[in-house]
Each structure stands twice: as structure tokens, then as C-alpha cells.
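Colleague: Take this sequence and fold it.
(chains A, B, C and D)
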Protein chains: 2
Amino acid sequence: MPVTQKDIARYTGLSRSTVAQVLTGLGHQAPETLEKVLNAARELGYRPNSLARALVTGKTQTIGFWYSPFINPVSMHLINGLDKQILPYKLSPINVWNRERSLSLPDEFPVAEWPVDGIIAHNIGHLPDWMWHEGRLNKPFVSLVYDAFPYRPGPEIDTILIQIRPGCQTAVEHLVKTRKRVALLCIESMPLYGDVRVQVYEKAMQAAGRPLETILTPLGQPLRLSTKQAVTAHVKAHGCPDAIFCGNDEQAIAAHGALQELGFRVPQDVALVGNDGLEEAAYHVPSLSTVALPIEEIVSVAWKFLQKRITRPDAPRQYAELKTSFLPRDSS
Amino acid sequence: MPVTQKDIARYTGLSRSTVAQVLTGLGHQAPETLEKVLNAARELGYRPNSLARALVTGKTQTIGFWYSPFINPVSMHLINGLDKQILPYKLSPINVWNRERSLSLPDEFPVAEWPVDGIIAHNIGHLPDWMWHEGRLNKPFVSLVYDAFPYRPGPEIDTILIQIRPGCQTAVEHLVKTRKRVALLCIESMPLYGDVRVQVYEKAMQAAGRPLETILTPLGQPLRLSTKQAVTAHVKAHGCPDAIFCGNDEQAIAAHGALQELGFRVPQDVALVGNDGLEEAAYHVPSLSTVALPIEEIVSVAWKFLQKRITRPDAPRQYAELKTSFLPRDSS
DNA sequence: ATGAAAGCGCTAACAT
DNA sequence: ATGTTAGCGCTTTCAT
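Modeller: Alright, predicted model coming up:
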């Protein structure tokens, strides 16, 4: 049985509130009392119950990170970065995917129940805006969204719009300029949703009068494996492009594996450009050109926004736009 | 202001306990009352307060994952795997590194205060055993440890010992058999602690009558960057080994980058073997030989142990040993 | 079938 | 400087 303040009170013969005041460091106690309580706490092995404290203060000292159903390296890097930034807050990943709903009270959005003081949502789209608008999510909230598909951020909640368009544009132009047959490699859902990578690619190709060449990989399969298979199949069926613009770094690396096995070299035979700019890309061999997300900046701005919102709930809505940048490296 | 059961009670004219019974699905209510409460809950937008529930039930429906100070890809994979396994429990990463201690009540181990129903510790060494022994950690607990350095798991808490020795042994023997000059690449702290990778390497080399060659990288620096620098410096100073046994996959990949820039090819000039067996290794080009951790198995056994301990706190101590295996691929 | 009452461990306003 | 009191939102036992 855990030791409580009550136990300390009984042990020292003081009242519970005196004990509490000492332990929270608030009241004005006689130095003697102070020591008595602290000693008792140590002797008995007292540990504060963060749940009880949170219940009464309304603050859990925890930040939630709400990520999209398919966890990916970018989410992982953000979690990692946030975990360091937000001290002394704790970080709690919010996974609502496949999660049981309340037994008797169906609700599609258990995220609202997460015991956190604020939430950073990564790539959840319009759902947070909608929930906020409906009053189902009234706690400090920052939404990280991409311009990846034709997206207009809602006007209410604090938002960081990450623009991948600029970096993509530079990257694709670079490929179109230096190579003949430029293909796009991406997950099959991306063209359907009008992803900006697809848009940028198609527009640039059309402007250059080149035919489109798209390699699609299935959704919900192991990404690297399915990508390798798709690239292999495509090259066998249609021959090999001399440049591939890839939806993300993992796909670029998987494509490299496929090309290698087919006897094509990167960058001599095929130029490769990825997306995301994770550490992995920089240390691939050859180092992978990529459209890099400003992860550090995303983390620090998100935390800045959230802190502000926590301390000043009525502050005007905060909004920022962060841009990707093209990092040319050896693979192109 | 969030809607509480009290609000529902007032709204429906019923008592708070009746409302509570309906909402927890326990009591025997008139179907009419039942509907009334549920409707009111929906209309008012009631959401249960998980904190209050946890306080009274003593169960948070959350599992903690306590990881070592330097977060690494293996921890990330474990987090990822656990997050899926443990539904409907939540997962809470426990980061005690640099965390503020209680103001007035210094404690080196805030982990004990984390509001979780059980903890899975990854690579924390003897600390959990000690805390348990001292009674500072009396909740369900599973410790994942490695035989990496001369480690004897404590006899009290549920433990999974991950043996990297078998896989390493096969890997090193393979290198010694097929190559002439086999080097070891690892973080500088590993030899100091008698890491099993170092042991296995040194023993095999001595048995083969070969001289030791060790490339050390600094602790606490960006791993890939510092590794690349260390390998480059080493090769420039001492020439190039024709095989490198690497402390982990990231280091192997970084080493590959360095070798490439120096004009050496993998595997023709240098064979490379990593450790960990993450997805990244399999899709590197060339695919990276590695000593693979049984991540899936670790996750499922850990969760099995913890569940058992949660439901039956007095069950006999659980213990398992899981082995790594050498996965020979193109890089060697 | 419903309600009254106690209590989880803690904080905080107020009284002494 | 210390104690009294109330209450956070919920579960649970026991009366009615």
C-alpha cells in the first residue's frame, strides 16, 4: 500500500494540511515542523500521487501527441524531439486507432478524454478543427498539417502549416532539367487525394512537354518491401526511368535496392530524390537527395504555440507556415 | 467547463449514483432511466474523466515504457510494437532523463510516480531490480535486459534476457573465416563495460591468432556523424581493414558512407556486419548483414508477462531468454 | 430500481 | 504557524 500524506500526518502528529503545505512548499512552516515532515516522508517512503494532484489542480503535466494511424519515421522523430523539449512535462502518444470506445457511451473521438494538458496533432487533417468547432475538444491544441493535398487549415485552432510544395518544386525542376525520363514513385492513395507531390510533378512534366510516368505502391503494406516490388515490376515491364522522384525517403531507399538488383546504378543510371530529410537519407550510400522537413523548427514552434495557449487560453489564434527545402546530394 | 456526472444527474433529476451506475453499466436500472441518462449524456456532451476514475479504481489503463537515456531505433521499434499490442491500454513512454525532481522531496527515481498500471523497462540494467528490492517500485514490472555486458538478472522481478552473444558469435566467426583483417567498430564505452560484442570479438580474434583492431566512437555525440568521422580518421591513419564488425546497424551504415568516400567498396573490399536487425538494414544497398534482435517476440513476451503480473500479482516470477540470430546478407 | 454516503489522495481557501 | 473544511469527478457499498 502506497504511503500517503495522511500517513505522514498520523506519523508526525501534525494535521494533513500542514503536511500538504510542507510537501508543496507553499505555507510558512516552522523549520522544525518542516524537517519533521520531510524526514517522515523519507522514512516512510512517501511518493506523491500524481493522479490525485492532477484531479484537483486540473493539470496533468502531460502533453499528448496525436499521430495518424500509420505511424511513420516522421512521427517518431517528432515524438523524440518533443520529448526533449517539453520537460518537465511528460509526453503521451495518442493512438486512437482501433481503440475501444466507452462501453455504454459510444464516441468516435476518445482523444478528447486523454488526460493531458494540451495536444499536438500531427497530420490529422481537418478532424481537430471540426472537433474544436463542435466543442468536443476544448483544451490547448496545436495542429500540424501539410499542404500535401489541397488543404485549407481551419481558422480557429493554433496551426502550423508545413509547406512541402516549395522543396518539391525545386527538386522536380532539378530532375527535369538534368534528366530525360523522370518518374514519380508514391503510394497509390496520393494521386487520388491530389497530393501536392503529384501535382508538382505533373505540372512540371507537362510544362516540359514530357510524358507522365508513375509507379504506385499499395497502401497499408510494409512500405519498403512493397516499394521494392513495385519498382522492380515497373522497370521490368516498362524499362528504367533515369530519375525517380519519391514520395518519401524510405521509398527512395527501397527503390535504390530494387534498381541495384536490376543492375542500375545511382546516380549514374538513375537519379533519386526522396522526401522527409531524415537522418537515414543523409547517411545512405550514395547520400540521398531529399526534400527536407524542418523537424527541429516544427517541434520548437509547436511547443512555443502550445505553451502560450496553456498559459494564455484567450490569446489570439497562432499560425505559422514552415517550408521544406530541397537538399541536393549524391543520389541526383 | 467539462460536463460531469453531476450535471447529468441535475439534468435528469436522478441521483448521482444512479447516473454513475448507468454509465459504468453495472447497476440494474429501469430501461426508461437508462435511456434517459444516456440521452442526457449525449446531449450534454458528457465525457468520463479518466483521472477521477483512475484515482478511485487505482487503475489507469496505461502501461509505461521506461527507456534508457539515449533513445535509439530499437526503443522506437519496441514502442511502436507495444503500442499496437496492448490495446485497450495506453502507452506512456517514461523519460526520466533530465527530469525535474520533486521540489521539496528529492528522489532519484520519479519513474515510481508515473501513473501507470505496469512498466516495461528497456535496457535499464540493475536499477529496476534494486528499486524493487528496496520497495520503491511496487507495481507490475517487466525488465528487458541484454547480456551485452556481464549481466546477471536479479532474481525477483519478471525479466526477459535478450542474448546477443549467440548471434554475435556466429557473425564474428563468419568474418574471421572469410576475411583477413577484421576490425571492431563501437562506442567508446563498450570496451570499458566489457560489452559482450567486444568480448566475443576479442576472443575470436585471439583464438585465430589475429591482432585486435578497434575503432571507437565518442559517447553522446550524433551517432552517425561521429561514426563516419571516426572510421575515416582510422582508415586514413592505419589503412583499411577488410571487415568491420559494428556495434549496431546505424554505425554500420555510417561506416559504409565513410568507406565509400574513401574509395572502398562493400562487400568487395570491406565486409560489414551490423547489430540490431532493423528494417533499415535489410533495405540498405548492399543489404546489410546483421545480428538481429527478435523484436516481435520481445514485445509479445513482455506484454504476456506484464498482463499475467497485472492480473495475478502473486504469480511466480517469470523469466525468459530470447536469442539474437545472425542474418548474413550482401554486405559480407 | 434508486438514492445516500463514504472515500480515493490531494490542493487550496479560510479560520484560528 | 497550524488546523479545519470543502471539494476535484468518480466508484462502490449499503440503505431504502
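
Colleague: got the contact list for residue A:139?
Modeller: A:116-119 (CB atoms under 8 Å, 6 or more residues apart in numbering or on different chains). For the C-beta atoms, the positions are set from N, CA and C on the backbone; glycine is no exception.

Colleague: For it, what are phi and psi?
Modeller: Main-chain dihedrals, residue A:139, degrees, to the nearest 10: phi -140, psi 160.

Colleague: For the stretch 201-332 of chain A, which segments are assigned as helices?
Modeller: All helices of the stretch 201-332 of chain A, identified by DSSP state H, counting those that start in this stretch, fall at A:223-238, A:249-262, A:279-282, A:295-311.

Colleague: for the residue most central in space within chain A, what are its contacts?
Modeller: Nearest to the geometric centre of chain A sits residue A:75, at 3.5 Å (CA atoms, centre = their mean). Counting by CB under 8 Å, 6+ apart, residue A:75 makes contact with A:65, A:67-68, A:122-123.

Colleague: please redo it, this time with the cut-off set to 10 Å
Modeller: A:65-68, A:93, A:122-123, B:80 (CB atoms under 10 Å, 6 or more residues apart in numbering or on different chains).

Colleague: Repeat that for residue A:325.
Modeller: A:166-167, A:170-171, A:277, A:290-294.

Colleague: Sort out which of the residues you listed are buried, if you could.
Modeller: Neighbour-count burial (16 or more other CB atoms under 10 Å in any protein chain shown) applied to these gives A:167, A:170-171, A:277, A:290-294.

Colleague: And the residue of the stretch 151-300 of chain A that's closest to DNA strand C?
Modeller: Per CB to the nearest atom of the strand, residue A:158 is where the stretch 151-300 of chain A lies closest to DNA strand C, at 25.6 Å.

Colleague: Give me the phi and psi for that residue.
Modeller: phi -60, psi 130.

Colleague: Tally up the residues packed near it, please.
Modeller: By the criterion of other CB atoms under 10 Å in any protein chain shown, residue A:158 has 26 neighbours.

Colleague: Can you select the buried ones among the contacts of residue A:75 for me in ChimeraX?
Modeller: In ChimeraX syntax, the buried subset of the contacts of residue A:75 is picked out as below (16+ other CB under 10 Å):
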select /A:65,66,67,68,93,122,123 /B:80
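
Colleague: Which residue in the contacts of residue A:75 has the weakest pLDDT?
Modeller: Ranked by pLDDT, the contacts of residue A:75 bottom out at residue A:68 (77).

Colleague: Could I get the contacting residues of that one?
Modeller: Per CB under 10 Å, 6+ apart, neighbours of residue A:68: A:74-75, A:95, A:97, A:121-125, A:127.

Colleague: Buried only: go through these for me.
Modeller: Buried, going by 16+ other CB under 10 Å: A:74-75, A:95, A:121-125, A:127, out of the contacts of residue A:68.

Colleague: Now tabulate these in a markdown table and tack on secondary structure and distance to residue B:203.
Modeller: Shown next, in a markdown table, are the buried ones among the contacts of residue A:68 (DSSP: H, G, I helix; E, B strand; the rest coil; distance: CB to CB, whole Å):
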| residue | secondary structure | distance to residue B:203 |
| --- | --- | --- |
| A:74 | helix | 42 |
| A:75 | helix | 41 |
| A:95 | coil | 44 |
| A:121 | strand | 51 |
| A:122 | strand | 47 |
| A:123 | coil | 49 |
| A:124 | coil | 52 |
| A:125 | coil | 55 |
| A:127 | helix | 57 |
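
Colleague: Domain map for chain A?
Modeller: A:5-48, A:62-163+A:295-323, A:165-292 (automatic domain parsing).
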